[in-house]
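Student: Fold the stuff below for me.
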Amino acid sequence: MKANKGLFIICLLIFCVGTLWSSGISGQVGEPVEYTAEGLAEAYEYMNDAASAYFNIEAALEKLRVTLPKLEKEERVAHTRFGKLAQAALDAQARVDAERDEFWSANSDWKAAEHRRILAQDKINAAESRIEYCYRKLDDARNSQMWNYWQEQLTKAKKELADGRSELTRAKQDKARANNRFRRAQKNLPVLKYQRDQAVKMADGAERIYNRAVQAVTDMNAEIAAAEIEEAAAKEKYDAAIAAYIAYKAGLAAQQGQEGQNP
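Tutor: Just a heads-up that it's a prediction; the model follows:
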């Protein structure tokens, strides 16, 4: 109530002091304004309250401005960490993809090697049958011409047998290598997937921290902007309170001077 009374006095003073100062306290504006020591004390108290409010807001604003660079640094650190962990998650996913490709490639190579093994075995079987047949024909040959012919066929069959055995060996080796690759990929995939999941989890956590840091900077900037508006209003109020106090004090002095001149 006392503050409201002081505010009323100051507002009234701002309204009429200009006129009163040039013409004295007597009545060119109706009823003369009476300045009192109590009114001056209230104006002084109001000025002090306005000063206290202004300086408190100014101090709070300074704290916010000091805090902002710290939050911005935390945002940069969080952004860097998130970037590194996000890249680590992408790299982990790439390793999973590569190992999955290796898994299916090995599986495909194993099937191809098995198919070549079957063909090589069929070739061996056919060559062995052909060799056996050639031997019988050689035993039954009645002239040198027939014997030479089947001897030539026997040589070809033996070459087919050698080729088949060589192809069978390569197919078995390729099949074994493909099987080893398949088993290795089969074993590695769960490990790589787990590592990928952990990397993604860490990246997600880092992203949340980064988002909170960004929000903290945004909120701080908004808080500073609001505080600057509040500071400007408080400064204006403080300046007005100072001017009102000075004017009231001058009015009181003028009034006391007039009273001293009257008999």
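
Student: where along the chain do the helices fall?
Tutor: Taking DSSP state H to define them, one finds helices in the chain at 2-23, 37-140, 144-261.

Student: any chance of those helices in a markdown table, with mean neighbour count and mean pLDDT too?
Tutor: C-beta here means a position set from N, CA and C on the backbone, and glycine is covered the same way. Putting the helices of the chain into a markdown table (neighbours: other C-beta atoms under 10 Å; pLDDT from 0 to 100) gives the following:
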| stretch | mean neighbour count | mean pLDDT |
| --- | --- | --- |
| helix 2-23 | 14 | 40 |
| helix 37-140 | 15 | 97 |
| helix 144-261 | 15 | 96 |
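
Student: What's the separation between Glu74 and Glu230?
Tutor: To Glu230, Glu74 is 26 Å away according to C-beta to C-beta, to the nearest Å.

Student: cool, Asp49 as well?
Tutor: In terms of C-beta to C-beta, Asp49 sits 15 Å off from Glu230.

Student: And for Ala98?
Tutor: Counting by C-beta to C-beta, the gap from Ala98 to Glu230 is 58 Å.

Student: repeat for Tyr238
Tutor: As for Tyr238, its distance to Glu230 is 12 Å (criterion: C-beta to C-beta).

Student: for Ile57, same thing?
Tutor: Applying C-beta to C-beta, the value for Ile57 to Glu230 is 5 Å.

Student: can you check Glu132 too?
Tutor: Distance check for Glu132 against Glu230: by C-beta to C-beta, it reads 108 Å.

Student: Isn't Ala50 up against Glu236?
Tutor: No. Counting by C-beta atoms under 8 Å, Ala50 stays clear of Glu236, with 9.6 Å between them.

Student: Just confirm Ala53 contacts Ala234, I think it does.
Tutor: Yes. In terms of C-beta under 8 Å, Ala53 counts as a neighbour of Ala234; the distance is 5.3 Å.

Student: so what's Ala88 up against?
Tutor: Ala199, Met202, Ala203 (C-beta atoms under 8 Å, 6 or more residues apart in numbering).

Student: Provide a list of residues in contact with the first one.
Tutor: To tie it back to what came earlier, the one meant is Ala199. Going by C-beta under 8 Å, 6+ apart, Ala199 touches Leu85, Ala88, Ala89, Asp91, Ala92.

Student: Kindly recompute the last result at 7 Å.
Tutor: Shown in contact with Ala199 (C-beta atoms under 7 Å, 6 or more residues apart in numbering): Ala88, Ala89, Ala92.

Student: from those, which is closest to Arg165?
Tutor: When these are compared for distance to Arg165 (C-beta to C-beta), Ala92 wins out at 45.6 Å.

Student: Distance of the closest one relative to Glu58?
Tutor: Distance, Ala92 to Glu58, using C-beta to C-beta: 51 Å.

Student: cool, and Tyr44?
Tutor: For Tyr44 relative to Glu58 (C-beta to C-beta), the value is 21 Å.

Student: what about Gln87, distance to Asn211?
Tutor: Counting by C-beta to C-beta, the gap from Gln87 to Asn211 is 18 Å.

Student: typo on my end, Arg165
Tutor: Distance of Arg165 to Asn211, given as C-beta to C-beta: 67 Å.

Student: what's near enough to touch the residue minimising distance to the centre of the chain?
Tutor: The chain has Glu207 as the residue nearest its centroid, 3.8 Å off, counting by C-alpha atoms, centre = their mean. By C-beta under 7 Å, 6+ apart, the contact set of Glu207 is Phe82.

Student: Could you pull up phi and psi at Tyr35?
Tutor: Per-residue torsions, Tyr35: phi -90, psi 140 (degrees, to the nearest 10).

Student: So it is in contact with Ala254, correct?
Tutor: No. With contact defined as C-beta atoms under 7 Å, Tyr35 does not reach Ala254; the gap is 8.1 Å.
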